[in-house]
Structures are given as C-alpha cells and as structure tokens.
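Trainee: with the sequence up front, the predicted model follows.
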Amino acid sequence: MSQAEKQTLGFQTEVKQLLHLMVHALYSNREIFLRELISNASDACDKLRFEAIKKPELFEDQSDLRVRLYLNEEQGEIIIEDNGIGMNREDVIAHLGTIARSGTADFLKNLTGDQKKDSSLIGQFGVGFYSAFIVADEVQVETRKAGEAADQGVRWISQGEGEFSVEPITKAERGTRILLKLKEDAKEFAGSWRVRNIIQKYSDHIGLPIQIEKTVEVEGEEEQASATEWETINKANALWTRAKSEIKDEEYKEFYKHVAHDFQDPLHWSHNKVEGKQEYTSLLYIPQRAPFDLYHREAPRGLKLYVQRVFILDNAEQFLPLYLRFIKGVIDSSDLPLNVSREILQQNPMIDSMKSALTKRVLSMLEQLAKDADQYAIFWKEFGQALKEGPAEDFANRERIAGLLRFSSTQETAQTVSLADYLARMPEGQQKIYYLIGDSLSQVKSSPHLEVFRKKGIEVLLLTDRIDEWLMSHLNEFDGKSFVDIARGDLDLGELDSAEEKQAQEKATEEKKDLLERVQKALGERISEVKISTRLTSSPAVLVMGAGDLGVQMRKILEAAGQAAPESKPRLEINPEHPLIQRLESSAEERFNDLARLLCDQAALAAGESLEDPADFVQRLNHLLLDLSR
C-alpha cells in the first residue's frame, strides 16, 4: 500500500476491551487523561533529546522542547502538542492500534467487572494513551517523526470503537499533536482554570515547560488591542533535582505515577543525593501492585537513566539486580558520558559501584517499610516471590535479604513470620531453624513430619511457594543458626532430645530388627532403608528424603518442563507404637506384604507425591477392607 492512501484498520481485540474498560471503570476519575497524555508528550521530548546527542540535526533548528495546550471551551476541544521525537506510519499503527506488551492475556483474564478493582488493573498494566477516550468522542493524532520530510506526516483518527483510520499528511513541525473532541458532559476539561488545576496537581514535576495560551491586553497608539503569549503552568524543573525539603509527598506520588505509568500511589520512596568520588541523584519507589509481566524475566525493567539531566535510557537494568526488578524511579549521574550506551553500562566499573549502593538503598527502604506490618504485608503479597530470588543472586546481601523474607509457620499460618520472629520464639536449647516444604499449606500442616515438633513445642516454618526449595538450597544460615529441612536425613534435635528418648529409640531399633528387615524385603528397591522413627507420635509411617536428594517440589517443576529428575530412594521410618505397625508385625507373609506396601503408599501421599500405580494401591486397600469386614 502506498504512503498516499488512507487506510481504515481494526483495533486489536484486547484494545477494544480495554477502551470499554477505560470509559466505564475510570469514569469517576476522568481528569487523569490529561496527566497521561502530558506524560507521553514529556517522554517523547526526552527521547528526542537523547537521539539528538548523536544526531543534532534531529532538532531541526528548534532545540527548545515543550508541551503546549490549546483550549477551546466553546467548541469543546483541547489540543495537546509536543515537539518531541514524533512517529511515522509504522509507529502509529504499532503504538496506537495494539497493546504491544507481554501479559495482555493475563490482564484481560483478571478483569472482574468491579470498577474499583478493574481501575487498579489498568494501573498495573499501564496504557495511558487510551485514557483519552474517557472524555473524548473522537481523538485525532497528527504526528511526524524528527528527521523525516514534512510530507511524511501521519494522521490517526478514531472514535474509540472498533476501528481507526490512518492517512498521510504534510506536517511542517516535528512532534505530535493530539486533538480531543470532548464528550458533551466533559467540556469542562477545555476550561482554562480546570486545566491549570489538573496540571498543577498531576504534572508540576515534569522537567520541561507545559504551556497554555494566555491573552494579554496591549495598548497601542490609537486603540487597545490584544495579543497571545504562552504561559508556563508547571515548575518545569526535574523533581529529583530539587531539595527534599521543598517537595511535598503529593508531588513525590504524582511523579511516581508519571515515571511508572501507574494509577496508584507507591508504598514507599527514597530520594537520595550522593557526592564524593561519584555524584548522582536517585529517586526510587516501591510500587503498591505488581505488573502482570513481573515474572516474565525478559520483560523491560530498570530505572530511567539521566546524565546531567538529559534522558538516556528508559529501562536501565544495569543499576539493580534482577530480584529487585519491581523498583521504579530515576537515576541522574553527573559522571557518566552523555553518549553512554548499553555496552558502556555493562562494562563500566562505575556502574558496579552504583549498583551496589543502590541495591543497599533499596534493602534499607524495605527494612524501613517492614516496620509497618500492614504496609509490608501488601508488599510481600505482590513481590515476595521476586525477593526470594535474592539469596541465590546476591551473595553479598544474603543475610539482609533473609531478614526481609516472610513465612508461614506452625504458629502463624499467614506469611508474616520473619526469621527474627522465629529466633525470638526459639525455646532454650534449640540451635537450628526448622522448616518443611510442600505444595500447599493444608498439606504441610497435616504432615507426619511435624508430630514430634508439636509434641515438644518447637516452631517449624512452612514453605509452600514453588520457589521455596530452590530458595532454601541457597540459604544456609541466618544469624549463626543453620536451616534444617525436617523431611530430610536423620533428625537431630540436639539438646531438645532427652537421654531417655535416645535410649528408647536404640532399644526399639534392636527389638524390632526382624520387623525392619521384613518391611525392607517387602518393599524391595522402592526404598533405601527402614528405620525406627524419632519423628512420629501418632502416624504409622513417614517417608524421609536423603540429605542430597531432590525434593518433591523441584521434581514436579522439572517434570512439568519435560526434564527427567535424578533418581533417588527415600527412607521409610515407622512408629512401633502405632496399632497398624503392631498388626503388621503379627501378620502372615501375604498380608504383611500388602500392608507394608499400603503403609509406604500412604506415606508417599502424605508427602505430596504421586503414586506410580494408583490402581494397585486402590486394589490392595479394597482387599484389606474386605478382610477387616469378615
């Protein structure tokens, strides 16, 4: 299709649904449309400033960047115009006709129909341009990319329903001009006072002028006349460059919404200026909600990078480790060269130093946030699993990260227990931190492995997230106390075991030697050995993994990925005081073998494992039930 033709295209299906949601779910907060469009205009100017470092000709002899608003209250129209980077035809179709972002399906799947909840989903997803249709019956976009000829301009028009049109135009100036034809009940947004109020409320922090036409009276020699001049409404200096004492909390919050394209306030922030060998300013935010692509490890992430207040990169991922990818904000360096590239960032030792300092800054922010249990609970629900990646990725800060983790336990089933809480509640004589991993809280709470710990009043951490087994393989100790998986290897409670209990186990092992050998023979290669258990008080048997074996959780992850898990054989521990074990001991050989296999299968199910032959288990159980009924 030639450039000279007008083309009508259909919106991506997801955009249609999003437009409907925008109009209805955010109806009560319509003024945010202006914040979003001004933020986009500001970003376009930032991108031009960066591109012009290498290609000054892109400025086209006009280097003063600004955003201008034209208001026509009588006609019910408002124009937002910038002289930034602009777009060509391909950019317009890509950016205004589709949602080019991972997680779209998740976004749509989570729509609830509840206006308040769906409004927060929009904030998590970040789709600011489409907010124009909250107030407009029609949106027209005229744009030309910097550096391209005047006849390469593009006009995009849509009523926000099923389709949009794209056609070529001649546009003398670079940049983008957005015309909103306001709905009848939204014409107030073309009023000068209303627009000024919104800009000062939401966009005062933006570091380039936001201007509105102002009519002034000019006295001539013969008669009075009027003239038009441009009035800058915002402070027009980068918020992070101002002194903290001059910035109100509301300004910090609105800047976050600008930089993160979020609709909700942040949980916490930190504004810090570093001077000395290196000079840079950072303004970091902890969001309140996770984006849908948080766990898509290839999704864009990182801080906005400025050098000497000049925008350089939108997602500079080199300044924070991957496990802190949820942090939003800006960093402005006085030391890096203006023509910095991603390659330079990856190879520059200065970056490593800044990354280390910023990582510690974020951990301090989280430690401060953790002092408010309710606020930290919000953070943990959204970002806890990302933080659990930390001990494996960041050895230097492993202890601090561990202190920020939260767990369920046998005392508190909600994920609110810190390791400091656990240590403070340890009984005298306990030297280790005990934990149990499983697929669900209900499964681990009823695990036979917990019986002796309940009897002795010892708290056990209950880990049920998919990442937990991998986490604990990298978390060896905390505050000098080592971690022990109570489902692995020999259970040594140290001083918490009395001499009488140890002697009783040794005696039972000797007395039940024949029984242990018979069970081992009945189960054959399925298990590594049979032992008298120190774990059990009310269950007949339990399976125990070897100290170096792969756990059930990791096995399932590998199998789901189509990878073979290494072979391992668990140990079967039995409780000689249990009536089933006593009946097993007195059973004839054929019945003995069936009972032994049933006990082993039951122990596997209790551990969250799948049976290799469920039909065989059912058949043996049915035979046993029939025998008992006779």
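Mentor: Perfect, thanks for sending it.

Trainee: wait, what's in contact with residue 45?
Mentor: By CB atoms under 8 Å, 6 or more residues apart in numbering, residue 45 lies in contact with 65-67, 82-85, 208. To be clear about C-beta, it is placed using only N, CA and C from the backbone, and glycine gets the same treatment.

Trainee: what's the closest of the residues you listed to residue 551?
Mentor: Nearest to residue 551 out of the contacts of residue 45 is residue 85 (CB to CB; 51.2 Å).

Trainee: check which residues of the host helix or strand of residue 398 are buried.
Mentor: In this structure, residue 398 is located in helix 398-404 according to DSSP states H and E. Residues 398, 400-404 are the ones in helix 398-404 that count as buried (16 or more other CB atoms under 10 Å).

Trainee: chain center to it, what's the gap?
Mentor: Mean-position distance between helix 398-404 and its chain equals 19 Å (CA atoms, centre = their mean, to the nearest Å).

Trainee: what lies in contact with it?
Mentor: Residues from elsewhere that reach helix 398-404 (CB under 8 Å, 6+ apart): 323, 363, 366-367, 370, 387, 390-391, 394, 418-420, 474-475, 478-479.

Trainee: now intersect those with the helices, please.
Mentor: 363, 366-367, 387, 390-391, 419-420 (DSSP state H).

Trainee: need the buried ones from the residues you listed selected in PyMOL.
Mentor: Entered in PyMOL, the line below selects the buried ones among these, by 16+ other CB under 10 Å:
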select buried, resi 363+366+387+390+391+419
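
Trainee: out of the ones in helices among the contacts of helix 398-404, which one sits closest to residue 74?
Mentor: residue 366 (52.5 Å).

Trainee: one step back: select from the contacts of residue 45 the one having the most neighbours.
Mentor: The residue in the contacts of residue 45 with the most neighbours, by other CB atoms under 10 Å, is residue 67 (30 neighbours).

Trainee: what are the contacting residues of stretch 513-530?
Mentor: By CB under 8 Å, 6+ apart, stretch 513-530 touches 509, 531-532, 543, 546, 569-574, 576, 581, 584-585, 592-593, 596-597, 600.

Trainee: so which of those sit within strands?
Mentor: If you go by DSSP state E, these have 531-532, 543, 571-574 in strands.

Trainee: which of those residues sit farthest apart?
Mentor: 532 and 543 (14.6 Å).

Trainee: what about stretch 152-162, distance to the chain center?
Mentor: 34 Å.

Trainee: then that stretch to PDB, C-alphas only?
Mentor: Only the C-alpha atoms of stretch 152-162 are listed here, as PDB (Å, rounded to 0.1, in the frame of the first residue of the first chain):
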ATOM      1  CA  GLN A 152       5.900  12.100   5.800                       C
ATOM      2  CA  GLY A 153       3.400  13.200   8.500                       C
ATOM      3  CA  VAL A 154       0.600  10.900   9.600                       C
ATOM      4  CA  ARG A 155      -3.000  11.500  10.800                       C
ATOM      5  CA  TRP A 156      -4.700   8.900  13.000                       C
ATOM      6  CA  ILE A 157      -8.400   9.200  13.900                       C
ATOM      7  CA  SER A 158     -10.700   7.100  16.000                       C
ATOM      8  CA  GLN A 159     -14.000   7.300  17.900                       C
ATOM      9  CA  GLY A 160     -12.700   4.600  20.300                       C
ATOM     10  CA  GLU A 161     -14.900   1.800  19.000                       C
ATOM     11  CA  GLY A 162     -14.000  -0.900  16.500                       C
END
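
Trainee: okay, now the unreliable bits of this protein?
Mentor: Residues of the chain that meet the criterion pLDDT under 70 lie in 1-4, 12-28, 97-127, 217-226, 339-344, 346, 565, 628-630.

Trainee: OK, contacts around the nearest residue to residue 575 once chain neighbours are set aside?
Mentor: Distance criterion CB to CB, 6 or more residues apart in numbering; nearest residue to residue 575, sequence neighbours excluded, is residue 536 at 3.9 Å. By CB under 8 Å, 6+ apart, residue 536 lies in contact with 448, 451-452, 542, 573-575, 578.

Trainee: where do the helices sit along the stretch 251-400 of the chain?
Mentor: Ranges of helices in the stretch 251-400 of the chain, per DSSP state H, counting those that start in this stretch, are 342-347, 349-369, 373-387, 390-393, 398-404.

Trainee: any idea how far the shortest one is from the chain center?
Mentor: So that's helix 390-393. Distance, centroid of helix 390-393 to centroid of chain: 16 Å (CA atoms, centre = their mean).

Trainee: buried ones in whichever strand or helix holds residue 625?
Mentor: In this structure, residue 625 sits in helix 614-629 according to DSSP H and E. Of all the residues in helix 614-629, those buried under the rule 16+ other CB under 10 Å are 617, 620.

Trainee: put the alpha carbons of that helix into CSV.
Mentor: The C-alpha trace of helix 614-629 is given here as CSV (Å, rounded to 0.1, in the frame of the first residue of the first chain):
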residue,chain,number,x,y,z
PRO,A,614,-2.7,-45.7,41.9
ALA,A,615,-4.9,-48.7,40.7
ASP,A,616,-2.7,-51.1,42.6
PHE,A,617,-3.0,-49.0,45.7
VAL,A,618,-6.8,-49.0,45.5
GLN,A,619,-6.9,-52.8,44.9
ARG,A,620,-4.7,-53.5,47.9
LEU,A,621,-6.8,-51.2,50.1
ASN,A,622,-10.0,-52.8,48.9
HIS,A,623,-8.7,-56.3,49.8
LEU,A,624,-7.7,-55.1,53.2
LEU,A,625,-11.1,-53.5,53.8
LEU,A,626,-12.9,-56.7,52.8
ASP,A,627,-10.7,-58.8,55.1
LEU,A,628,-11.4,-56.5,58.0
SER,A,629,-15.2,-56.7,57.4
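
Trainee: quick one: that helix to chain centroid distance?
Mentor: For helix 614-629 - counting by CA atoms, centre = their mean - the centre lies 48 Å from the chain centre.

Trainee: same question, stretch 283-301
Mentor: 4 Å.

Trainee: buried sites along that stretch?
Mentor: 283-294, 301.

Trainee: cool, and stretch 322-329?
Mentor: In stretch 322-329, counting by 16+ other CB under 10 Å, buried: 323-329.

Trainee: which one of the contacts of residue 536 sits closest to residue 458?
Mentor: Nearest to residue 458 among the contacts of residue 536 is residue 452, at 8.1 Å by CB to CB.

Trainee: element containing that closest one?
Mentor: helix 451-456.

Trainee: buried ones in that helix?
Mentor: 451-453.

Trainee: off-centre distance for the longest helix seen in the chain?
Mentor: Ranked by residue count and defined by DSSP H, the top helix of the chain is helix 32-54. Centroid separation for helix 32-54 versus its chain: 25 Å, with CA atoms, centre = their mean.

Trainee: following element in sequence after that helix, please.
Mentor: strand 67-72.

Trainee: now the angle from that next one to helix 32-54?
Mentor: On the basis of axes from the mean of the first three to the mean of the last three CA atoms, to 10 degrees, strand 67-72 is oriented at 140 degrees to helix 32-54.

Trainee: who touches strand 67-72?
Mentor: Strand 67-72 is contacted by residues 38, 41-42, 45, 77-82, 190-192, 195, 206, 208-213, 230 when judged by CB under 8 Å, 6+ apart.
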